[in-house]
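[1] below: sequence and its predicted model.
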Amino acid sequence: LGEQPKVSLCAGATKDMGKMLGGEEEKDPDAQKKEEERQEALRQQEEERKAKHARMEAEREKVRQQIRDKYGLKKKEEKEAEEKAALEQPCEGSLTRPKKAIPAGCGDEEEEEEESILDTVLKYLPGPLQDMFKK
């Protein structure tokens, strides 16, 4: 039998084993440049994705506005602004005015109302009955 040269099956692995065991890694001179290009590509993809989503949202908003126009609906922000403006306006003569708009002394004291009702009833009673109730 002739001698065959011994070929190590792990010839490439020994180089990597040295790196794993704490040996010096071979530094790629273009590694920094490649990393910058990769980061730039990621930034560009992110910008494209954001632009795509902005376009899609603009289209959706256009459709929403068409629906609002068709059915006479208002945006949530518009409704809130109108409600806020309605609360700030003076409510003279309104039946649904806020409590703080009620002048002091109107409906605050129940005793006065009861006395005024009693006085009103007494006015319509005959004289002798009025005297009885006043005592």
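    Ah, there it is.
[2] C-alpha from now on. contacts and neighbour counts both.
    OK.
[3] okay, and the helix or strand of the chain with the least pLDDT?
    Using mean pLDDT, DSSP states H and E, helix 11-20 stands out as the lowest-scoring helix or strand of the chain, at a mean of 59.
[4] against which helices or strands is the helix or strand following that helix packed?
    Tracing the chain C-terminally past helix 11-20 and defining elements by DSSP states H and E, one meets helix 31-71 next. Here helix 31-71 is seen to pack against no other helix or strand when contacts are counted using 3 or more C-alpha pairs under 8 Å, 6 or more residues apart in numbering; DSSP states H and E.
[5] what average pLDDT does helix 31-71 get?
    Helix 31-71 carries an average pLDDT of 95.
[6] average pLDDT for the next helix or strand after that helix?
    The helix or strand immediately downstream of helix 31-71 is helix 76-88, counting by DSSP H and E. Per-residue pLDDT values across helix 76-88 average out to 82.
[7] CA atoms of helix 76-88 as PDB?
    Presented in PDB, the C-alpha positions along helix 76-88 are these (Å, rounded to 0.1, in the frame of the first residue of the first chain):
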ATOM      1  CA  LYS A  76     -63.800  63.400  16.900                       C
ATOM      2  CA  GLU A  77     -61.600  66.500  17.400                       C
ATOM      3  CA  GLU A  78     -64.200  68.800  15.800                       C
ATOM      4  CA  LYS A  79     -66.900  67.400  18.100                       C
ATOM      5  CA  GLU A  80     -64.800  67.900  21.200                       C
ATOM      6  CA  ALA A  81     -63.900  71.500  20.100                       C
ATOM      7  CA  GLU A  82     -67.600  72.300  19.600                       C
ATOM      8  CA  GLU A  83     -68.600  70.800  23.000                       C
ATOM      9  CA  LYS A  84     -65.900  72.800  24.700                       C
ATOM     10  CA  ALA A  85     -67.000  76.000  23.000                       C
ATOM     11  CA  ALA A  86     -70.600  75.300  23.900                       C
ATOM     12  CA  LEU A  87     -69.700  75.000  27.600                       C
ATOM     13  CA  GLU A  88     -67.700  78.200  27.500                       C
END
